[in-house]
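Enquirer: When you get a sec, could you give me coordinates for this:
(one chain, ligands or ions: 1)
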Amino acid sequence: MEKKANNVLIGINDLKKSFGDQKVLDGINLELHDNENLVVLGKSGSGKSVLIKCIVSLLKHDEGSIKVGEYELTDINEEDLIEVRKKIGFLFQSAALYDSMTVRENLTFALSRLKEGFSEEEMNNKIVEALENVGMPDSIDKMPSELSGGMKKRIGLARTLVVNPDIILYDEPTTGLDPVTSHEISNLINDTKGKFKNSSIIITHDINCVKTVADRIAMIKDGKVYKVGSLEAFINDDDSYIQSFFK
Ligand SMILES: Nc1ncnc2c1ncn2[C@@H]1O[C@H](COP(=O)(O)OP(=O)(O)OP(=O)(O)O)[C@@H](O)[C@H]1O
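Expert: This is a model prediction of the structure:
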């Protein structure tokens, strides 16, 4: 993706989104920088998922602007939206694998949907490489039902990585996992950033995950960005609202 001079991959300006008379996002200003993990924190129902759904146009925002690279998402045409979606990988809370497909078929489906023109051998190499990157090369012919929750998350990440996105959006990547597996997934998020030099927005309530992955944190409150800053700045902030997340 073409990177802007100040290394902003996503620029969000005065973003507003309501459902009926419920204002969920009420003027969000936020940037995602090059090669950073940006954690979005906020109470349940504060609009974190709505925000990342707006970023991939799964939801249409009401007002404001979202720029992804050179593309402005407001009134984007279908063709450009396809290009934007090629740049952004989205790891849903549930990993969302197709249960009737093997791991290989799940990854092949993702790859062939977004990137055309690979030979069978190239596809296979990419799939094997993606599975190796998440430490799951032996699962290639398994069905999702044969995998644990942590393994499914890894396969979900492999499926996201196989198309080599510049940006990954993680929605609650460690929810429902035991502390050890959660820590492994958090480390994997960091390894991915180190290896592929991509940028990520991570929504999580898991403070250990926040402490492991966050380069910067944005806290959402009342539909706005309440504070944005480094992990260190958040940990040392004496604002009681902020501290309630870290205690
Ligand atoms: N498609 C929709 N239609 C109507 N209301 C919605 C829709 N999607 C989200 N909302 C509402 O928007 C608000 C914010 O939801 P969202 O899922 O973004 O919260 P969240 O911060 O991600 O919460 P959690 O941490 O619990 O996942 C909620 O009140 C939710 O009911």
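Enquirer: Residues of the protein that sit close to the ligand?
Expert: Contact residues, the chain versus the ligand (CB under 6 Å from any ligand atom): 19, 24, 42, 44-50. C-beta coordinates here come from the backbone N, C-alpha and C atoms, glycine included.
Enquirer: Please repeat the previous calculation with a cut-off of 5 Å.
Expert: 19, 24, 44-50 (CB under 5 Å from any ligand atom).
Enquirer: Show me which pair in the residues you listed is furthest apart.
Expert: Phe19 and Ser44 (15.8 Å; CB to CB).
Enquirer: Go through the residues of the chain next to the ligand and flag which are in strands.
Expert: Using DSSP state E to define strands, the subset of the residues of the chain next to the ligand located there is 19, 24.
Enquirer: Need the contact partners of stretch 132-147.
Expert: Residues from elsewhere that reach stretch 132-147, judged by CB atoms under 8 Å, 6 or more residues apart in numbering: 97-99, 101-104, 106, 127-128, 131, 151-152, 154-155, 157-158, 161, 188, 191-192, 195.
Enquirer: Please identify the buried residues of that stretch?
Expert: For stretch 132-147, burial by neighbour count (16 or more other CB atoms under 10 Å) applies to 133-134, 136, 139-140, 143-144, 147.
Enquirer: Next: stretch 148-168.
Expert: Applying 16+ other CB under 10 Å to stretch 148-168 flags 150-168 as buried.
Enquirer: picking that back up, can you tell me which of the residues of the chain next to the ligand comes closest to Thr204?
Expert: For the residues of the chain next to the ligand, the minimum distance to Thr204 (CB to CB) is 9.1 Å, reached by Lys48.
Enquirer: The closest one and Lys221 touch, don't they?
Expert: No: using CB atoms under 8 Å as the test, Lys48 is too far from Lys221 to be in contact (11.2 Å).
Enquirer: So for the two, which sits in the more crowded spot?
Expert: Lys48 (25 against 15; other CB atoms under 10 Å).
Enquirer: Retrieve the pLDDT associated with that one.
Expert: Lys48 carries a pLDDT score of 94 in this model.
Enquirer: and if you look at Ala5?
Expert: With respect to pLDDT, Ala5 has a value of 46.
Enquirer: on that earlier part again, now the residues of the chain next to the ligand in CSV, with distance to Leu32?
Expert: Below are these laid out as CSV (distance: CB to CB, whole Å):
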residue, distance to Leu32
Phe19, 24
Val24, 20
Ser44, 23
Gly45, 23
Ser46, 18
Gly47, 17
Lys48, 14
Ser49, 16
Val50, 17
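Enquirer: show me where the protein has strands.
Expert: For the chain, applying DSSP E gives strands covering 8-19, 22-33, 37-42, 63-68, 71-72, 88-91, 167-171, 199-203, 216-221, 224-230.
Enquirer: what residue lies at the spatial centre of the protein?
Expert: The centroid of the chain falls nearest to Leu169 when counting by CA atoms, centre = their mean (1.1 Å).
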